[in-house]
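1. prediction below, plus the sequence it came from.
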Number of protein chains: 2
Amino acid sequence: MSTPVEFYFDFSSPYGYFAAMRIDELAQKYNRQVEWHSILLGVIFKTTETKPLMHIPLKGDYSRHDLLRTARFHHIGFTIPANFPVATHQAARAMLWIQNTQGKDKAKQFARKVYQAYFGQGIDISEVAPILKAAEEMGLDSLELANGMIRQEIKDQLKEEIDQALKLGIFGSPYIIVDGEPFWGFDRFDQIEALLKNGKI
Amino acid sequence: MSTPVEFYFDFSSPYGYFAAMRIDELAQKYNRQVEWHSILLGVIFKTTETKPLMHIPLKGDYSRHDLLRTARFHHIGFTIPANFPVATHQAARAMLWIQNTQGKDKAKQFARKVYQAYFGQGIDISEVAPILKAAEEMGLDSLELANGMIRQEIKDQLKEEIDQALKLGIFGSPYIIVDGEPFWGFDRFDQIEALLKNGKI
């Protein structure tokens, strides 16, 4: 049994969204599972002294242009949300609660829905309402989720996941690990595919 | 007559080196010329408040790994020089002098040789000796170059080129403009090819 592909992302990362729309399709082609890990880059950026791309002179304008072009190039529906970037701890906690109670596949399905609400439709996912709506559309009980996602053990679990990611050296989104080999960025899907195909790179 | 592809790079940029090894081949496939512009990122990084990748916690280690892997993936000979990054104003000035006196093709040939000395063989190109050696190997008079590259008009011309690049919004290396469309990074060669091929992207 081959090891799963480990996929780290922040719900506020547009290149993470592109990766989320493609990673399972790519892995399945080579009979691999994908483990999704929602992290909070804000915490990690303090360590790497990084600012969000949009806040950097010159790079911000280019990035907007590159995002729209890259979405077109890969045929992924995309909009730059009016509120961007946003806090994503609510979405990450909701995903963890769904993972704990409904399993990994449901959590992944939820994550895709939240990403599509944010980067597909521009809905502000720092609010709780669209998070609960995504869960409801999947047939989950939104009241249970609303109560569950604010519990201390979920907060602790997310903190633990982020600490773990930082220990692994993860500093961006998307960040993908295949058989111990790290890849940063949606740009590296060609190299990821080569490794999945050939067993080495 | 189609417009040339504009290629901006810093001699100390490894991804710029990868682009330099491939850009003319790609452009020729679609009957395009390439204009090479050597710039100094140090000046530009002050505006974008950017630090060289290698100096950033976590990212530095990943970058070393990614560079070696990307070179293998694209079959480009590559080593991480012991002195990295280095000051590249001497190489940039030498290139300008060769461009002024010997034409653009010779300047490009020289730039490739300097890049290969640095990232192919790890030779410190902040020194003048390897710069003169590259010129000599092309049959140029190294004494003339040594005298020419330190002249005030060359220094002014380089400063002017960098000011111009900054006005165009260029903030990294490689940075490539095709028919007004900007691309940052060797990662974007797939999108550059799509634009060259289809006339739009």
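-> Everything's here; your move. Treat the numbers as computed from the prediction; the structure is a model and nothing was measured.
2. how about the helices in chain A?
-> Remark: helices of chain A, listed N- to C-terminal, are A:14-29, A:41-48, A:59-73, A:89-102, A:104-115, A:129-137, A:142-148, A:152-167, A:189-198; assignment by DSSP state H.
3. quick one: name the residues of chain A near chain B.
-> For chain A, the residues in contact with chain B (C-beta under 8 Å from any C-beta of the partner chain) are A:47-51, A:56-59, A:61-62, A:65-66, A:69-70, A:72-73, A:169-172, A:182, A:184-185, A:187-188, A:190-191, A:194, A:201. Placement of C-beta: from N, CA and C, glycine included.
4. in ChimeraX, select just the buried ones from those.
-> The command below creates a ChimeraX selection of those among the residues of chain A next to chain B that count as buried (16 or more other C-beta atoms under 10 Å in any protein chain shown):
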select /A:48,50,56,58,59,62,66,69,70,73,169,170,171,172,182,184,185,187,188,191,194,201
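5. if we can go back for a sec, which one, of the helices of chain A, ends up nearest to B:Gly122?
-> helix A:189-198 (23.7 Å; C-beta to C-beta).
6. tell me which strands and helices that closest one is in contact with?
-> Helix A:189-198 sits against helix A:14-29, strand A:175-178, strand A:181-184, helix B:59-73, with contacts defined as 3 or more C-beta pairs under 8 Å, 6 or more residues apart in numbering or on different chains; DSSP states H and E.
7. where does chain A dip in pLDDT?
-> Across chain A, the ranges flagged by pLDDT under 70 are A:1, A:48-49, A:52-53.
8. got a list of what A:Lys197 touches?
-> The neighbours of A:Lys197, taking C-beta atoms under 8 Å, 6 or more residues apart in numbering or on different chains as the test, are A:Tyr30.
9. quick check, A:Asp124 in contact with A:Ala117.
-> No - here A:Asp124 does not reach A:Ala117: they are 9.0 Å apart, not a contact under C-beta atoms under 8 Å.
10. if you count surrounding residues, which of those two has more?
-> When neighbours are counted by other C-beta atoms under 10 Å in any protein chain shown, A:Ala117 comes out ahead of the other of A:Asp124 and A:Ala117, with 21 against 14.
11. and the gap between the residue lying closest to that one once chain neighbours are set aside and A:Leu196?
-> Counting by C-beta to C-beta, 6 or more residues apart in numbering or on different chains, A:Ala117 lies nearest to A:Ile123, which is 4.4 Å off, once chain neighbours are set aside. Between A:Ile123 and A:Leu196 the distance is 33 Å, computed by C-beta to C-beta, to the nearest Å.
12. ok, now A:Thr50?
-> When distance is defined by C-beta to C-beta, A:Thr50 is 29 Å away from A:Leu196.
13. same question for A:Val5.
-> Using C-beta to C-beta, one gets 8 Å for the distance from A:Val5 to A:Leu196.
14. list residues touching both of the two?
-> Common contact partners of A:Val5 and A:Leu196 (C-beta under 8 Å, 6+ apart): A:27, A:32, A:178.
15. show me just the buried residues among those residues.
-> Those of the shared contacts of A:Val5 and A:Leu196 that meet the buried threshold are A:27, A:32, A:178, by 16+ other C-beta under 10 Å.
16. between these, which sits nearest B:Ser12?
-> Closest approach to B:Ser12 among these (C-beta to C-beta): A:Val178, at 30.5 Å.
17. what's near enough to touch that closest one?
-> For A:Val178, the contacting residues are A:5-6, A:32, A:192, A:195-196, taking C-beta under 8 Å, 6+ apart as the criterion.
18. apply 7 Å and report the result again.
-> Listed by C-beta atoms under 7 Å, 6 or more residues apart in numbering or on different chains, the contact set of A:Val178 reads A:5, A:192, A:195-196.
19. neighbours around A:Asp10, how many?
-> A count of nearby residues for A:Asp10, using other C-beta under 10 Å, gives 25.
20. ok, it to chain B distance?
-> Relative to chain B, A:Asp10 is positioned 15 Å away (C-beta to the nearest C-beta, to the nearest Å).
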